[in-house]
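Q: Fold the following.
(one chain, ligands or ions: 2)
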Amino acid sequence: QLKRPGDVQEVRAQLPVVAEEGRIMESVSGSPVTVLCGETGSGKTTQLPQFLYEHGYTLPNGPCGGGMIGVTEPRRVAAVSMSHRVAYEMGLSQRQVSYQIRYEGNATEDTVIKFMTDGVLLREIEQDLLLQRYSVVVVDEAHERSVFTDILLGLLSRIIPLREKSGRPLKLVVMSATLRVEDFTKNPLLFPSPPPTLSVESRQFPVTVHFSRRTPTSYVREAYLKTCKIHKRLPPGHLLVFLTGQREVLRLCRALRGTFPCTQSTGEEREEGGRRERRRRKSRGDVDLDKYPLLPEVGRTECEDEEGEEEDKETDWKAEVSAHDRQLPMLVLPLYSLLPPERQAEVFRPVPEGVRLCVVATNVAETSITIPHVKYVVDTGKVKRRYYDKVTGISTFRVEWVSQASANQRAGRAGRTQPGHCYRLYSSAVFQNLLSQFSQPEICSRPVDDLVLQMKALGIERVAHFPFPTPPSPEALQAAEMVLEGLGALSSDGRLTDLGRTMSRFPVSPRYGKMLAVGHQYNCLPYVISLVAALSVKELVVQTDHSSRKGEEEGRGEGGVKSSGLAALRRLCAGKEEFRLLGDLGLLLTVVGAWSHSRGRTEFSAKTGLQPRAMREVSRLRQQLTNSVNMICPDLNLVIDPSLAPPTEAQARHLCQIVLACLGDRVARKISTDNMSAEDKRKQRFSYQCVSCEGPVYLAPNSSLTSCPPDYLVYQDLLDSGHRIYLRGVMAVQE
Ligand code: ADP
Ligand code: MG
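A: Ligands and ions are numbered 1, 2, ... in the order given. Below you'll find the predicted structure:
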């Protein structure tokens, strides 16, 4: 028997999903697969795991003979925050309702409900082909069509009949916002007989959609002006603004707080550490907003990479506000996926009477997180996506139009609890003509070498025949096989080699898997592990407002140190030949070593701009990779050496060779400037030529090789900033 807190009882009673509990559970019990569609906020994610638990699905004498309830989410944010919320609602501890995201989690042997990212469950299948530890798998947010979700569905469609035969059936519940689900339900390759699809009707209040007459070029500024206008003129009701990335979100928050300052505490606060330094000013009247934490520090730091388009200054976009307007309190909160969980939880806290909450969010607020009591939505209509060029493999972040389906989702956020309004900062002609109907599934727009390797390791010989909800293009599959063959993971007839099998056992991309697999040959595995860990974790460096170029701020690029906050570390390793040899990778190694060496970690990260969460992830990944290596080669007996002494010069040279062996197809040659004018020489001093693109590519301004650009180098990846294509994570090739 669950003991739910009183406030939870009340909220639950209102949720449409709860009203349908009987019908939903009947379908789950009667059918191996159930598709559950419901408007965002109707209670799918928080309630379904509880229904399953209460119907005994975790009990050995229950309908499936016991096991955990696994819930997959495409976003880490959701996995963490939903596990907390569900534990709280059920009155259970986090030992029982837990989460696992990549290398971080709190699952125990008592765990009954486990929230995890879809990638985590996919890895578990490698160890446990039939998912014996689970009685139910709930695939949440299936409409997002993340690659791992798609592949999981394909695999689960095959696992379910096998489990059925084994006598301990596995149930699958696919949950989706009310977006297109035909790719799952009407796909006979996936589910030969269409699974029952339940739709939960939610009380959705009417939302009036207002289009702009014209479509502005500066949508952040436009969002600012619109938000000010709504706040000044319209009746109470919370506001939700959709932007594309963390940097924009913080920027708009700052501008709004500057315009309506009386309601905000001011001060500074470091992201981490028990010691929270706060300078505070009491807010006006009896409205005490002191309970609310402040924006993360977004002070401007020195900026090295400012060439390119000039952003308009926030000071240029002041809305007119009178003293009267300023008396209306507005609480401005950011919401984006890298925000620490405690901060994310702020949006759920009740706001004092008479205060307007304004949440400035990225796409996470579209379907994964429902903010209560929103009445006004300001939709820029934009989203940031990572693009890969199919031929060159160059990745770019592009800000572009959302799909019509997404725009309608966003509008719907305004009508959860009362009639609302959605202000679209674009014209209805744009909506009709430029917005596609649905977004493209991720699997159709990214390289799939990691997926192909993982699938081959699962024994799927002919990947092209796999029951993908939407298959990737044959060219993408072919390109992946070629990369894998080049790395030696596949034989020429497409079979997994021993090397490939070893590579696949490391939870990192195939290239890095190979670095680990060949690393022990030169007695420098601890360095390889540290390097791969650092390369595999994104966002090592705290994003400061002006330190990165537009498009990089979500930092999804593999590795690469890109903030100016690292100047100190760079100086540290500049003097050391061993590190110099390794270029940017030497810098990464220094970062890992210095981090694990530093005792005052908070100060250390504050000084260097390293993101503590990411660095802890690197530490955990080092541990995990060390364990994997030990499992694969038990006689090596590796242990993590926290001090990670710098490599000797000989080791550094070996490391260079290992890196080269895995990046042989990513070599760039310096463009000769011999016959150029002095002016051109200066301009072209960082320009290179590589096989995968025609035009020149450039050393990134913050690369450690800019002091002395080598003739040949290898790079991790290329990033198109919109102005130039940059080489990232570079290392000189020694003659
Ligand atoms: P769905 O998955 O159908 O989109 P959810 O189960 O996520 O819906 O949300 C159901 C309700 O629970 C929403 O009204 C949401 O605002 C509320 N909710 C979710 N998480 C929290 C939380 N951490 N604190 C308070 N309320 C929450
Ligand atoms: Mg949900």
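Q: S403 against L435, yeah?
A: Yes: using C-beta atoms under 8 Å, S403 makes contact with L435 at a distance of 6.0 Å. Quick note: C-beta positions are derived from backbone N, CA and C, even for glycine.
Q: What strands flank whichever strand or helix holds R398, and is each parallel or antiparallel?
A: Applying DSSP states H and E as the criterion places R398 in strand 395-401. Applying DSSP bridges to the sheet, strand 395-401 is found paired with strand 382-388 (antiparallel), strand 717-720 (parallel).
Q: of S403 and L435, who's got more company?
A: Between S403 and L435, L435 has the larger neighbour count (other C-beta atoms under 10 Å), namely 20 against 16.
Q: Next, the contact list for the more buried one, please.
A: 381, 401-404, 407 (C-beta atoms under 8 Å, 6 or more residues apart in numbering).
Q: restrict those to contacts with ligand 1.
A: The subset of the contacts of L435 within reach of ligand 1, by C-beta under 6 Å from any ligand atom, is empty.
Q: In JSON lines: the strands paired with strand 395-401, plus distance to T208 and mean neighbour count.
A: Below are the strands paired with strand 395-401 laid out as JSON lines (distance: least, C-beta to C-beta, whole Å; neighbours: other C-beta atoms under 10 Å):
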{"stretch": "strand 382-388", "distance to T208": "21", "mean neighbour count": "18"}
{"stretch": "strand 717-720", "distance to T208": "39", "mean neighbour count": "22"}
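Q: Any chance of JSON lines for those strands, columns distance to ligand 1 and mean pLDDT?
A: Below are those laid out as JSON lines (distance: least, C-beta to the nearest ligand atom, whole Å; pLDDT from 0 to 100):
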{"stretch": "strand 382-388", "distance to ligand 1": "19", "mean pLDDT": "83"}
{"stretch": "strand 717-720", "distance to ligand 1": "34", "mean pLDDT": "80"}
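Q: out of those strands, nearest to ligand 2?
A: Set against ligand 2 and scored by C-beta to the ion, the strands paired with strand 395-401 come closest in strand 382-388, at 18.6 Å.
Q: quick one: low-confidence ranges for the chain?
A: Along the chain, segments meeting pLDDT under 70 span 103, 262-316, 389-395, 521-522, 538-575, 599-602, 605-607, 642, 735.
Q: Go ahead and confirm S509 touches S536.
A: Yes: between S509 and S536 there is a contact under C-beta under 8 Å: 7.0 Å.
Q: surely C358 meets V241?
A: Yes: counting by C-beta under 8 Å, V241 is a contact partner of C358 at 6.9 Å.
Q: So for these two, which residue has more residues nearby?
A: Per other C-beta under 10 Å, whichever of C358 and V241 has more neighbours is V241, with 29 against 24.
Q: Which strand or helix spans that one?
A: strand 238-242.
Q: thought A78 was touching D140?
A: Yes: contact criterion C-beta under 8 Å: A78 and D140 qualify, at 7.4 Å.
Q: can you give me the helices in the stretch 501-650 of the chain?
A: 510-519, 525-536, 567-574, 577-581, 583-597, 601-608, 612-632, 649-662 (DSSP state H, counting those that start in this stretch).
Q: Show me the contact partners of stretch 94-112.
A: 49, 53, 58, 68-69, 76, 79-80, 82-84, 86-87, 90, 92, 113-117, 119-120, 507, 616-617, 620-621, 623-624.
Q: Could you tell me which residues touch both of A78 and D140?
A: Shared contacts of A78 and D140, counting by C-beta under 8 Å, 6+ apart, come down to T45.
Q: Would you map the helices across the stretch 1-150 of the chain?
A: Along the stretch 1-150 of the chain, the segments classed as helices by DSSP H, counting those that start in this stretch run 6-14, 16-19, 21-30, 44-54, 76-90, 118-127, 147-166.
Q: Please disregard the earlier target; I meant the stretch 151-300 of the chain.
A: Using DSSP H, counting those that start in this stretch, helices in the stretch 151-300 of the chain cover 182-185, 219-233, 246-259.
Q: Send me the second one as CSV with only the CA atoms.
A: Okay, so that is helix 219-233. The C-alpha coordinates for helix 219-233 follow below in CSV (Å, rounded to 0.1, in the frame of the first residue of the first chain):
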residue,chain,number,x,y,z
TYR,A,219,13.7,36.6,-32.7
VAL,A,220,15.3,36.9,-29.2
ARG,A,221,14.8,40.6,-29.2
GLU,A,222,11.2,40.1,-30.5
ALA,A,223,10.6,37.6,-27.7
TYR,A,224,11.9,40.2,-25.3
LEU,A,225,9.6,42.9,-26.5
LYS,A,226,6.6,40.7,-26.7
THR,A,227,7.2,39.4,-23.2
CYS,A,228,7.4,42.9,-21.8
LYS,A,229,4.2,43.8,-23.6
ILE,A,230,2.3,40.9,-22.2
HIS,A,231,3.6,41.5,-18.8
LYS,A,232,2.6,45.1,-18.8
ARG,A,233,-0.8,44.9,-20.5
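Q: so what secondary structure elements neighbour that helix?
A: strand 238-242, helix 246-259, strand 356-361, strand 374-379 (3 or more C-beta pairs under 8 Å, 6 or more residues apart in numbering; DSSP states H and E).
Q: Return the set of buried residues in it.
A: Residues of helix 219-233 classed as buried under the neighbour-count rule (16 or more other C-beta atoms under 10 Å) are 219-228, 230-232.
Q: so which pair among these is furthest apart in space?
A: The span of those, defined through C-beta to C-beta, is set by Y219 and K232 at 20.1 Å.
Q: that older thread, just put the helices of the stretch 1-150 of the chain in a markdown table and tack on mean neighbour count.
A: Shown next, in a markdown table, are the helices of the stretch 1-150 of the chain (neighbours: other C-beta atoms under 10 Å):
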| stretch | mean neighbour count |
| --- | --- |
| helix 6-14 | 11 |
| helix 16-19 | 19 |
| helix 21-30 | 16 |
| helix 44-54 | 23 |
| helix 76-90 | 22 |
| helix 118-127 | 19 |
| helix 147-166 | 20 |
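Q: got TSV for these, with distance to Q418 too?
A: Shown next, in TSV, are these (distance: least, C-beta to C-beta, whole Å):
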stretch	distance to Q418
helix 6-14	13
helix 16-19	16
helix 21-30	25
helix 44-54	21
helix 76-90	23
helix 118-127	34
helix 147-166	33
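Q: Can you name the residue of the chain nearest ligand 2?
A: For the chain, C-beta to the ion, closest residue to ligand 2: T45, 3.2 Å.
Q: contacting residues for that residue?
A: So T45 contacts 71, 73, 78, 82, 140, 175 (C-beta under 8 Å, 6+ apart).
Q: likewise L130?
A: Neighbour list for L130: 159, 162-163, 166, 170 [criterion: C-beta under 8 Å, 6+ apart].
Q: which parts of this structure sit against ligand 1?
A: Proximity of the chain to ligand 1 (C-beta under 6 Å from any ligand atom) is limited to residues 15, 38, 40-47, 81, 85, 345, 348, 370, 372.
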